[in-house]
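**Student:** turn this into a model:
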Amino acid sequence: MEKAKKSTGLYWVLFFLSIAAFFGVYQIGGGYCSMVLPFNVTFFAMAMDLM
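**Tutor:** Got it, this is the predicted structure:
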């Protein structure tokens with residue numbers, strides 16, 4: 001049975017926004033940038049259709 005292809009465009013946008021947020025938090029708070037990493041990894045996995 002074939003699986004329908006999901007649209008991942010939204011997840012790519014969210015991934016790139018989370019990357020921008022990562023660097024923004026790095027500029028402001030330095031060490032707190034690790035708080036954004038779960039969003040980076042999750043949105044990347046969803047954009048690659050791994051989850």
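
**Student:** counting by contacts, list what the helix ranked longest in the chain packs against.
**Tutor:** What stands out as the longest helix in the chain, according to DSSP state H, is helix 9-29. With contacts defined as 3 or more Cβ pairs under 8 Å, 6 or more residues apart in numbering; DSSP states H and E, the packing partners of helix 9-29 are helix 37-47. The C-beta positions use only the backbone N, C-alpha and C, and glycine is treated the same way.

**Student:** same for the helix it packs on, what does it pack against?
**Tutor:** Applying 3+ Cβ pairs under 8 Å, 6+ apart, one finds that helix 37-47 contacts helix 9-29.

**Student:** which residues are contacting the helix it packs on?
**Tutor:** Outside helix 9-29, the residues within contact range by Cβ atoms under 8 Å, 6 or more residues apart in numbering are 32-33, 35-37, 39-40, 43-44, 46-47.

**Student:** what's the burial count for the spatially closest residue to residue 40 that is not a sequence neighbour?
**Tutor:** Among residues not flanking residue 40 along the chain, residue 18 sits closest, at 4.9 Å (Cβ to Cβ, 6 or more residues apart in numbering). For residue 18, the neighbour count with other Cβ atoms under 10 Å is 18.
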